[in-house]
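*Asks:* Model the structure of this input:
(chains A and B)
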2 protein chains.
Amino acid sequence: MDNSLISEYDSQNLDKLVRNVVQLLELGGYTVSTAESCTGGLLSQLITSVPGASAVFEGGFCTYSNRMKTKLLNVPEYELEHFGAVSSQVALSMAKGLKASTGADVCVSVTGIAGPGGGTAEKPVGTVWFGFSAFGREFTRLPELWTLADKSRGNIRLAAAAFAFSVIEEILLEDFQ
Amino acid sequence: MDNSLISEYDSQNLDKLVRNVVQLLELGGYTVSTAESCTGGLLSQLITSVPGASAVFEGGFCTYSNRMKTKLLNVPEYELEHFGAVSSQVALSMAKGLKASTGADVCVSVTGIAGPGGGTAEKPVGTVWFGFSAFGREFTRLPELWTLADKSRGNIRLAAAAFAFSVIEEILLEDFQ
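*Replies:* Take a look at the predicted model:
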């Protein structure tokens, strides 16, 4: 998903994307689970806004603090100290911890800087790492959300959600091929 | 909070309420945590939409399935079997489990039937139990959300969020007296 797509989403497109993802999960008999930091529950809220989501979603975590990332998802403390909460390493560990806890087929984690505070030269507002553990594959992604024209907290969180669901859709469509 | 208030909320009022709650928590140096079933992350998403929420919110759970309620929040299986997931007993156990896990000053749980399916004569769509564990007090509430004119899934979830934050506001204002 390139950034032009992210900036072009609107709430209607996002709802459609989420409904499509839930439908693909239903078709495949798969489950999804979420571990959210900067999106704070937006992903799980979007999934469960679809009636009948209980067939594909058992639950998720909102691990906002470092302590919760370690306590609930077993993210190693040294990763938080050495790489920071907003890093590929922590995103991956969150996804792995989520998989270990829920056993969902598709596990997605989000950790980033939604702003307005917290940005640095190295990690500006809009730096959002995504971790995935799905069908035996584990990987992370870093879309360039810091290049969005609208860098408001709300927009970065929505763009992050749109990105996460787009990748999940990709994963599921690959699975059906 | 009577139902006239619930049905009169709009998204702007809800945002204002959430900001006020976050501010009250900041003023008191208190933390809040959420365990959500039918709202699916809406409460945590609303709290974390306020910049700087990390000072008052460490994390929360979205326990959508019975399995997750037991696994993540230690809700006894017999309560789920005997009283059902949408019950005062389970709402209280969710709040207690949340308190045990996060140690937050104010713990709130939500478990209900947001519809459109799942309603029965005994527990119609809009039956939503709330559990609270705050400052040593534990209690549950059952606002009559089934009497709302707009019983759409989205509206019941928003009304549930508005109710939860209203009670939290009450608790915090009592604490400041």
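*Asks:* end-to-end on stretch A:21-38?
*Replies:* Length of stretch A:21-38, first residue to last, CA to CA, to the nearest Å: 21 Å.
*Asks:* Please see if stretch A:38-46 touches chain B.
*Replies:* Yes - contact between stretch A:38-46 and chain B, assessed by CB under 8 Å from any CB of the partner chain, occurs at A:38-45. From N, CA and C alone the C-beta is placed, and that goes for glycine too.
*Asks:* Mark which of these are part of strands, please.
*Replies:* Using DSSP state E, no member of the residues of stretch A:38-46 next to chain B sits in strands.
*Asks:* Up against chain B, what does chain A have?
*Replies:* A:34, A:36, A:38-45, A:47-49, A:51-54, A:57-65, A:67-68, A:71-72, A:101-102, A:115-117, A:153-154, A:157.
*Asks:* Drop anything exposed from those.
*Replies:* Buried by 16 or more other CB atoms under 10 Å in any protein chain shown: A:34, A:36, A:38-45, A:47-49, A:53-54, A:57-65, A:68, A:71-72, A:101-102, A:115, A:153, A:157, out of these.
*Asks:* Let's see which of the residues you listed end up in strands.
*Replies:* A:34, A:36, A:57-63.
*Asks:* export the residues you listed to JSON lines and tack on pLDDT?
*Replies:* Below are those laid out as JSON lines (pLDDT from 0 to 100):
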{"residue": "A:T34", "pLDDT": "98"}
{"residue": "A:E36", "pLDDT": "98"}
{"residue": "A:F57", "pLDDT": "98"}
{"residue": "A:E58", "pLDDT": "94"}
{"residue": "A:G59", "pLDDT": "96"}
{"residue": "A:G60", "pLDDT": "97"}
{"residue": "A:F61", "pLDDT": "98"}
{"residue": "A:C62", "pLDDT": "98"}
{"residue": "A:T63", "pLDDT": "98"}
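*Asks:* sorry, back to before: and the residues of stretch A:38-46 next to chain B, which is closest to A:L92?
*Replies:* A:C38 (16.0 Å; CB to CB).
*Asks:* That closest one and A:T127 touch, don't they?
*Replies:* No - counting by CB atoms under 8 Å, A:C38 does not reach A:T127; the two are 9.5 Å apart.
*Asks:* hey, what's in contact with both of these two?
*Replies:* Common contact partners of A:C38 and A:T127 (CB atoms under 8 Å, 6 or more residues apart in numbering or on different chains): A:86, A:112-113.
*Asks:* from those, which is closest to chain B?
*Replies:* A:I113 (11.2 Å; CB to the nearest CB).
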